[in-house]
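1. Take this sequence and fold it.
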Amino acid sequence: MISTMPDPAKPSAKVLEALGLAEAKLTLFKSGLINNSWRADTSDGNTVVVQRVNPIFPVAINNDINIVTKHLENKGILTPRILPTVGKKLVLVTSGELWRLMTFIPGITRDILENPRQANEAGALLARFHLALSDLEHTFENARLGVHNTPLHLETLKNALEDYKTHARFNEINPIGELILDMASTLPELPASTDRIVHGDPKISNIVFDEVTDNATCLIDLDTIASMPIIFEMGDAFRSWCNPYGEENKEATFSLPLFHSAVIGYMQEARNFLTVEEWRALPGATLTIAIELAARFTADALMERHFSWDSERYRDASEHNQVRAQSQISLAHSIREQWTTLEDVIRAAIDS
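-> Numbering: from 1, shown residues only. Next up, the predicted model:
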């Protein structure tokens with residue numbers, strides 16, 4: 001369980017009234033590192049989600065989400081939708097806080113994949129999501145500039161190693177940072193990739209699975225929706241889905257069976273959505289995202305600016321971020337050790 005503090009304060013009676021939930025029963029969702037979310041069960045048997053949106057997101061992101069999810073719904077893709085407030089607004093802004101009401105998606109989420117079938121389902125769902133949005137013409141109000149700008153994140157790490165030498169954990173963190181910079185120096189060059197509308201954070205915990213069939217049904221947490229190169233989306237997905245030990249384990253490994261199943265699942269739904277060059281770039285993109293995240297977590301271990309950390313398992317945010325960084329380093333090593341086999345998986349999928 002991730003937590004920085006005691007449970008966040010529930011929405012006030014004024015907020016609940018403005019959202020039309022004055023008599024609703026609220027239950028806090030423990031998952032999620034950025035927004036505070038509650039399940040709200042109403043007296044007439046309906047269930048919705050109430051969110052206190054993190055101020056890092058501009059109000060305009062809700063317009064983007066509304067347009068994208070309406071398009072998805074029209075294409076028959078299950079998706080959470082923003083529900084209007086009592087005042088017929090997309091969001092409620094009060095006392096410096098941004099509140100949002102969304103439809104509830106039943107099912108379960110998980111932090112790691114348990115078997116190749118789930119990886120196949122995840123790949124197929126992400127493919128359907130991408131295909132459904134491929135004909136949407138929309139200029140995003142929240143551009144998310146700098147996301148997956150690997151050189152920028154590496155430069156941030158370099159600066160942190162220079163600027164935070166007095167940090168209490170610097171002697172522990174510095175070797176980790178230097179290792180990451182060394183690993184980054186040999187990253188493969190990635191080809192140009194077309195910008196497409198993507199989820200932006202397709203980690204496994206953002207996929208809802210049906211409790212009975214275990215089919216992947218829906219992508220949630222849509223504040224990251226953006227237009228960006230597709231290979232970064234795919235690389236981010238694979239580095240999350242194919243790590244069976246999770247992002248809190250220093251001995252993380254990259255699972256070839258999960259990777260193979262995820263690739264097949266995506267390709268069965270959207271074989272021609274990616275170019276051959278983009279398909280071939282996916283091992284490199286996955287490795288790049290792992291190194292990029294390692295750099296971000298290591299910089300955060302010095303700058304201590306991450307949104308959340310597990311106060312039950314770690315002494316402070318810096319220690320937690322060290323573990324996160326070491327997990328991604330271990331994952332990157334595992335990817336490199338299996339490099340030829342990963343390329344063979346892609347090659348066989350393309351030729352099949």
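
2. quick one: the closest residue to L72 other than its chain neighbours from A349, how far?
-> Closest residue in space to L72, ignoring its immediate chain neighbours: T79 at 4.3 Å, by CB to CB, 6 or more residues apart in numbering. Bear in mind the C-beta positions are built from the backbone N, C-alpha and C, glycine included. Using CB to CB, to the nearest Å, T79 is found at 27 Å from A349.

3. before we move on, what about P8?
-> From P8 across to A349, the span is 44 Å (CB to CB).

4. For those two, work out which one has more neighbours and name it.
-> A direct count of neighbours by other CB atoms under 10 Å for P8 and A349 places A349 higher, at 17 against 14.

5. That one against G265, yeah?
-> No. In this structure, A349 is not within contact of G265 by CB atoms under 8 Å, at 10.4 Å.

6. can you list the domain ranges for the chain.
-> Using automatic domain parsing, the domain parsing of the chain gives 13-103, 116-351.

7. would you put the C-alpha positions of the helix or strand hosting L101 in CSV?
-> Taking DSSP states H and E as the definition, one finds L101 inside strand 97-103. In CSV, the C-alpha atoms belonging to strand 97-103 read as follows (Å, rounded to 0.1, in the frame of the first residue of the first chain):
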residue,chain,number,x,y,z
GLU,A,97,-9.5,22.5,-4.9
LEU,A,98,-10.6,20.8,-8.0
TRP,A,99,-13.3,18.1,-7.7
ARG,A,100,-14.5,15.7,-10.4
LEU,A,101,-17.3,13.1,-10.6
MET,A,102,-16.8,10.1,-12.8
THR,A,103,-18.6,6.9,-13.7
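
8. Could you pull up the mean pLDDT of it?
-> Per-residue pLDDT over strand 97-103 has a mean of 95.

9. Going by contacts, tell me the helices and strands next to it.
-> Contacting strand 97-103 under the criterion 3 or more CB pairs under 8 Å, 6 or more residues apart in numbering; DSSP states H and E are the following elements: helix 13-18, strand 47-53, strand 82-83, strand 91-94.

10. Nearest the middle, which residue of the chain would you pick?
-> The central residue of the chain, meaning the one whose C-alpha is nearest the mean C-alpha position (CA atoms, centre = their mean), is D201 at 2.7 Å.

11. Was I right to think Q51 contacts A40?
-> No. Q51 is beyond contact range of A40, at 10.3 Å (criterion: CB under 8 Å).

12. so A290 makes contact with H333?
-> No. With contacts counted by CB under 8 Å, A290 stays clear of H333, the gap being 9.3 Å.

13. Counting neighbours, go ahead and name the busier of the two.
-> Just comparing A290 and H333: by other CB under 10 Å the higher neighbour count belongs to A290, 29 against 16.

14. For the more buried one, pull up the helix or strand it's in.
-> In this structure, A290 sits in helix 282-303 according to DSSP H and E.

15. before we move on, back to that, wait, what's in contact with the residue nearest to L72?
-> Taking CB atoms under 8 Å, 6 or more residues apart in numbering as the contact definition, T79 lies against 69, 72-73, 218-219, 222.

16. Wait, a strand at it?
-> No. According to DSSP: H, G, I helix; E, B strand; the rest coil, T79 belongs to no strand; its state is coil.

17. List of residues touching stretch 139-152?
-> Contacts for stretch 139-152 (CB under 8 Å, 6+ apart): 57-58, 60-61, 63-64, 184, 187, 200, 224-229, 232, 236, 288-289, 291-292, 295.

18. Recalculate using a threshold of 10 Å.
-> By CB atoms under 10 Å, 6 or more residues apart in numbering, the residues outside stretch 139-152 that reach it are 57-65, 67-68, 153, 155-156, 184, 187, 190, 197, 200-201, 223-229, 231-233, 235-236, 285, 288-289, 291-293, 295-296.

19. so for it, what's the average pLDDT?
-> Within the predicted structure, the mean pLDDT of stretch 139-152 is 79.

20. Now do the buried residues in that stretch.
-> By neighbour count, with 16 or more other CB atoms under 10 Å as the criterion, the buried positions of stretch 139-152 are 140, 142, 144, 148, 150.

21. Next step: the residues you listed restricted to helices.
-> If you go by DSSP state H, these have T150 in helices.

22. possible to save the buried residues of stretch 139-152 as TSV with distance to A127?
-> Written out in TSV, the entries for the buried residues of stretch 139-152 read as follows (distance: CB to CB, whole Å):
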residue	distance to A127
F140	21
N142	24
R144	22
H148	20
T150	25
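
23. Many thanks, we can stop here.
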